[in-house]
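Visitor: Please work out how this folds:
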Amino acid sequence: MIVRQFISWIRTAPAGERAEATRSLARAWLVSDLSDADRAAAEGALLMQLDDCSPLVRLAMSEVFARSADAPASIIRALSTDQASVAVPVLEFSPLLIDADLVDIVATGNCQMQCAIARRAALPASVCAAIAEVGSPSAALELIENPHAELAPFSWDRIVERHGHLAAIRESMLVLEDLPAATRLALVGKLSDTLAQFVVARRWLSADRAERVVAEAMDRSTVAIAARSRDDDMRGLMQHLRATGQLTAGLILRALLSGNLELFHQSLVELTDLPYGRVAALLHDGASASLNALLIRAGLPESTFPAFRAALEAAQQLGFADSTDGAAGLRRRMVERVLTHCETGSDAAGPLLILLRRFATESARDEASRYCDDVLAEDWVARFEWAAMAA
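Guide: Below you'll find the predicted structure:
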């Protein structure tokens, strides 16, 4: 009887009153002890309200049913494809929507609907992949900031490829501790390209000069990122470097001159397709023939072989880096020893000497910068101690 009265009244009631009445009926359907006949009649009336011309009415149902696992499935599906303002509560919270429903809505819905889906708890990998593939930048940002999203490595890469030029996307991704190393490096590449385009457009640097600066910055970033990578993360980084043509002799030599033996080993493993243990054994052998055979198989230029031999000898004498920070930057003594060896030898090529001299300049500047930082830190400590004693 009450449902019949509702149906008769709803035809002439104002939109606001219809919305409140529909909200009350939806709540009654969820929590009241209705008979089977009354429950069926109430569901029929609610289904009828899906065709109401006012979005306020449909939004009232959406807000009531959004978080309930007992809501009528047919109403939930209809609300999920309604206009964005109505669909958002259901898309963000309803447990009745399956992965296929969400993927389809990501592909056909607007930005607001994609963002609502990206905020869902326990978002499965398939839906994350859909957002990464076709979602708007705002939806991608919501996805990145959702701690419950199951993002596969290829989804991270797709977000970087599509939206990595946007500062908000880069900032949100770079602060993530568990971001794959390959993805982090790709983000750094996007940032470097953006900065290079900016300085060239402002005519602060020529295109060639900007390209060289970017290449050097990418190599430094690669070594720094690799110093913090382990196991599968490191292998993924090596595969990325090889696929993008960044696994060059210059980068591998920089890794060795930074004391990062792990990056040096992994680079040769990737380029030679030999097991890690075999590469380590050949390097430990210390024979020039073994090292030359390994470098030839890796496809590295023969003109760089003297530098690799000298760098390994220097590393064995000076020791490799014993910390993450220590493996992230060039070691000045190693660079100077290798440069001296190559300058006095007869088999060093001009481009190799140019590269080593750039390394020497860079390592000297880095050492000077660290020294100044230490001096300033000591000065602050001395001032603090003096102030404490004076007090």
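Visitor: And the pLDDT at Ala40?
Guide: pLDDT, Ala40: 84.
Visitor: List the buried residues of the helix or strand containing it.
Guide: Ala40 is part of helix 36-49 when elements are defined by DSSP states H and E. Using 16 or more other Cβ atoms under 10 Å as the test for burial, helix 36-49 gives Asp38, Arg39, Ala41, Ala42, Glu43, Ala45, Leu46, Gln49. Where you see a C-beta, it was placed from the backbone N, CA and C, and this is true even at glycine.
Visitor: Remind me what that helix packs against, helices and strands.
Guide: On a contact count with 3 or more Cβ pairs under 8 Å, 6 or more residues apart in numbering; DSSP states H and E, helix 36-49 meets helix 2-10, helix 15-31, helix 55-65, helix 73-80.
Visitor: for it, the distance to its chain's centre please.
Guide: 48 Å (Cα atoms, centre = their mean, to the nearest Å).
Visitor: ditto for stretch 158-172
Guide: Offset of stretch 158-172 from its chain centre (Cα atoms, centre = their mean): 8 Å.
Visitor: which residue packs closest to Phe308, ignoring adjacent ones?
Guide: Leu295 (6.2 Å; Cβ to Cβ, 6 or more residues apart in numbering).
Visitor: Secondary structure element holding the one you found?
Guide: helix 288-297.
Visitor: list the helices and strands that helix packs on?
Guide: Under the contact criterion of 3+ Cβ pairs under 8 Å, 6+ apart, helix 288-297 touches helix 261-272, helix 276-285, helix 305-318.
Visitor: what about the helix ranked longest in the chain, average pLDDT?
Guide: Ranked by residue count under DSSP state H, the longest helix found in the chain is helix 350-390. In this model, helix 350-390 has an average pLDDT of 80.
Visitor: got the angle between it and helix 305-318?
Guide: 30 degrees (axes from the mean of the first three to the mean of the last three Cα atoms, to 10 degrees).
Visitor: just use 93 as the starting number from now, easier for me
Guide: New numbering, starting at 93: the last item is helix 442-482.
Visitor: what separates helix 442-482 from the chain centre, distance-wise?
Guide: Here helix 442-482 is found 31 Å from its chain centre; the criterion is Cα atoms, centre = their mean.
Visitor: On the pLDDT front, check Leu287 for me.
Guide: We have a pLDDT of 90 for Leu287.
Visitor: And for it, nearest residue in space, chain neighbours not counted?
Guide: In space, Leu287 is closest to Val306, 7.7 Å off (Cβ to Cβ, 6+ apart).
Visitor: tell me the contacts of the one you found?
Guide: Ser284, Asp285, Leu287, Ala288 (Cβ atoms under 8 Å, 6 or more residues apart in numbering).
Visitor: and which of the residues you listed is nearest to Val252?
Guide: Comparing the contacts of Val306 against Val252 with Cβ to Cβ places Asp285 closest, at 11.7 Å.
Visitor: was I right about Trp248 contacting Ala273?
Guide: No. Look at Trp248 against Ala273 with Cβ atoms under 8 Å: they stay out of range, at 10.9 Å.
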